[in-house]
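Trainee: Could you work out the structure for the sequence below:
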Amino acid sequence: MTFNPLEQRGIPLDRQIRNWRELDVTPIDPDHCDPYTRCRIITMNGIEVEAIMFSHQLARNTVDAEVKRQLAQTRYIEAQQQKAVNWLLPGVSSVLETTIAYEQVAVDLTAWVARMEPDPYLKQAYQFGVLEDFDHLYRYANLYEMIEHRKADAIVEGLTEVMPGRPTKFHHRHPADNVRDPYAKDETNPLSKLHALTIMSAEQQTMNFYMNTGPTYMEPIARQLYQEIGLIEEEHVTHYESLVDPGETWWEQLVNHEYNECYLYYSFMEQESDPKVKAIWELHLNQELEHLHVACDLMRRHDGRDPESVLAPQLPDVLTFEPNKAYLRELLDTQIDLTTLGAGYVREAHERFEKMQEQIHGGEAPPSERVMTQHDEMFGHEYRVETEGEHPDPALREK
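Mentor: Okay, the predicted model is just below:
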């Protein structure tokens, strides 16, 4: 069944504010929930944070007081949505357990988008990034066993493998080589716009999470690993945000944000297994439908264009959280040795990459390597979850 959010009306804006009792959502049970329910929660939190921050930036760049008031009204609802979504996460989960779930999101969300992306250049950008998040999952999983003495498979539950990706130490590139070429807004597939906005938002939230939670640890190796991977997440945000056409007007970006929220809430509502969480996705979809109409009215009034000229005529096939093991193994086998040069990709280390490596590492092993050394000293082996057999790259098989 096709679903066109432009033809649907949601809850009227003046009926969308929830009271404290309604916002006091019941968190998921981390020991019995579907891991992908947790992934959907983390994803939508990132989407809502991006919506809020974009609305603030738009408000800071307009002199129209009426527009500011309209944005403030919808933004307050977005802020309530973000609280309801993020507060679904349970307080009993440690920061590191949530971190591992964040990386499961990065792996399976980006892999799915890469599989579905119609534009070859954009597809390559997602394929490149996912092999780095895949390695982050592996490093954090080893840290988790070291400092909490628990295994990451209790979180990912065999849906996502845990083994080396492109080694984290090679993710540190010259900032100029993290900037990609943007899609052309008037020529690209509307699905590509949704993909770029989704992955940018998810990576941005991961960057924010690591920036703020990293120093809460006492263990030096944990603080150092969060610092290292937090820097790489900034590179990833640069990588993904540069895919978005900077020629899009503020109003075009606004309707893209609102349309993407409708797409994702609809997608997650369609596949959610937890009835209480599903009800939240459904409620938020009905709120977002109205936000989309408000954004469309603003675009018509201030941009002089019809939103139908830039939006998909109906929602694409639902975005799905599912295992991507075979796809990831294919990428590990064929793309693990890539790095970036300018807006493209190369297999050989180049002068700018090598200079950056020398500057950041200073001739020492980075935290991502030292965490593995310390884990091996404690346990005599690495922590891995290889459900589909040994690593595709012989050089990265456990010795």
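Trainee: give the contact list for the residue lying closest to residue 361 once chain neighbours are set aside.
Mentor: The spatially closest residue to residue 361, leaving aside those adjacent along the chain, is residue 169, at 6.9 Å (C-beta to C-beta, 6 or more residues apart in numbering). C-beta here means a position set from N, CA and C on the backbone, and glycine is covered the same way. Residues in contact with residue 169, defined by C-beta atoms under 8 Å, 6 or more residues apart in numbering, are 357, 361, 365, 366, 368, 369.
Trainee: Strands along this structure, start to end?
Mentor: For the chain, applying DSSP state E gives strands covering 339-341, 344-346.
Trainee: Same list, these, but as JSON lines with distance to residue 164, mean pLDDT and mean neighbour count please.
Mentor: What follows is those, written out as JSON lines (distance: least, C-beta to C-beta, whole Å; pLDDT from 0 to 100; neighbours: other C-beta atoms under 10 Å):
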{"stretch": "strand 339-341", "distance to residue 164": "16", "mean pLDDT": "98", "mean neighbour count": "20"}
{"stretch": "strand 344-346", "distance to residue 164": "20", "mean pLDDT": "98", "mean neighbour count": "14"}
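Trainee: Including distance to residue 152, could those go into CSV?
Mentor: Below are the strands of the chain laid out as CSV (distance: least, C-beta to C-beta, whole Å):
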stretch, distance to residue 152
strand 339-341, 27
strand 344-346, 29
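Trainee: still on that earlier bit, which single one of the contacts of residue 169 is nearest to residue 130?
Mentor: The closest of the contacts of residue 169 to residue 130 turns out to be residue 368 (C-beta to C-beta; 17.0 Å).
Trainee: gap between stretch 256-272 and the chain center?
Mentor: Centroid displacement of stretch 256-272 relative to its chain, using C-alpha atoms, centre = their mean, to the nearest Å, is 14 Å.
Trainee: buried stuff in that stretch?
Mentor: 256-269, 271-272 (16 or more other C-beta atoms under 10 Å).
Trainee: do stretch 291-302 as well
Mentor: 291, 292, 293, 294, 295, 296, 298, 299.
Trainee: which residues in the stretch 1-150 of the chain form helices?
Mentor: Using DSSP state H, counting those that start in this stretch, the helices of the stretch 1-150 of the chain run over 20-23, 35-59, 65-86, 95-116, 120-148.
Trainee: Mind putting those helices into TSV with mean pLDDT?
Mentor: Formatted as TSV, the helices of the stretch 1-150 of the chain follow (pLDDT from 0 to 100):
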stretch	mean pLDDT
helix 20-23	97
helix 35-59	98
helix 65-86	98
helix 95-116	98
helix 120-148	98
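Trainee: CSV for the ones you listed, including mean neighbour count?
Mentor: Formatted as CSV, the helices of the stretch 1-150 of the chain follow (neighbours: other C-beta atoms under 10 Å):
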stretch, mean neighbour count
helix 20-23, 9
helix 35-59, 22
helix 65-86, 18
helix 95-116, 23
helix 120-148, 22
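Trainee: Quick one: those helices as a markdown table, columns for distance to residue 333 too.
Mentor: A markdown table is the format used below for the helices of the stretch 1-150 of the chain (distance: least, C-beta to C-beta, whole Å):
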| stretch | distance to residue 333 |
| --- | --- |
| helix 20-23 | 47 |
| helix 35-59 | 25 |
| helix 65-86 | 36 |
| helix 95-116 | 14 |
| helix 120-148 | 11 |
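Trainee: now for those helices, which one comes closest to residue 306?
Mentor: helix 65-86 (18.8 Å).
Trainee: With just CA atoms, put that closest one into PDB.
Mentor: Taking Å, rounded to 0.1, in the frame of the first residue of the first chain, the C-alpha atoms of helix 65-86 are listed here in PDB:
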ATOM      1  CA  ALA A  65       9.100  37.200  13.700                       C
ATOM      2  CA  GLU A  66       6.000  35.300  12.600                       C
ATOM      3  CA  VAL A  67       8.300  32.600  11.100                       C
ATOM      4  CA  LYS A  68      10.200  32.400  14.400                       C
ATOM      5  CA  ARG A  69       7.000  31.900  16.300                       C
ATOM      6  CA  GLN A  70       5.800  29.200  13.900                       C
ATOM      7  CA  LEU A  71       9.100  27.400  14.200                       C
ATOM      8  CA  ALA A  72       9.100  27.700  18.000                       C
ATOM      9  CA  GLN A  73       5.700  26.000  18.100                       C
ATOM     10  CA  THR A  74       6.600  23.000  16.000                       C
ATOM     11  CA  ARG A  75      10.100  22.800  17.600                       C
ATOM     12  CA  TYR A  76       8.600  22.500  21.100                       C
ATOM     13  CA  ILE A  77       6.600  19.400  19.900                       C
ATOM     14  CA  GLU A  78       9.800  18.000  18.400                       C
ATOM     15  CA  ALA A  79      11.500  18.500  21.700                       C
ATOM     16  CA  GLN A  80       8.700  16.600  23.400                       C
ATOM     17  CA  GLN A  81       9.100  13.800  20.800                       C
ATOM     18  CA  GLN A  82      12.800  13.700  21.400                       C
ATOM     19  CA  LYS A  83      12.300  13.300  25.200                       C
ATOM     20  CA  ALA A  84       9.700  10.500  24.700                       C
ATOM     21  CA  VAL A  85      11.900   8.700  22.300                       C
ATOM     22  CA  ASN A  86      15.200   8.900  24.100                       C
END
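Trainee: so what's the nearest residue to residue 122 once chain neighbours are set aside up against?
Mentor: Once flanking residues are discounted, residue 122 sits nearest to residue 192: 5.6 Å by C-beta to C-beta, 6+ apart. Residues counted as contacts of residue 192 (C-beta under 8 Å, 6+ apart) are 117, 118, 119, 122, 183.
Trainee: Just the buried ones among these, please.
Mentor: Judged by 16+ other C-beta under 10 Å, buried ones among these: 117, 119, 122, 183.
Trainee: Reformat those as TSV; add distance to residue 50.
Mentor: TSV is the format used below for the buried ones among the contacts of residue 192 (distance: C-beta to C-beta, whole Å):
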residue	distance to residue 50
117	19
119	21
122	18
183	18
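Trainee: right, and out of these, which lies closest to residue 157?
Mentor: Nearest to residue 157, judged by C-beta to C-beta, of the buried ones among the contacts of residue 192 is residue 117 at 26.7 Å.
Trainee: Got phi/psi on the closest residue to residue 357 other than its chain neighbours?
Mentor: With sequence-adjacent residues excluded and distances taken as C-beta to C-beta, 6+ apart, residue 357 is closest to residue 172, at 6.2 Å. Reported as degrees, to the nearest 10, the phi and psi values for residue 172 are phi -80, psi 100.
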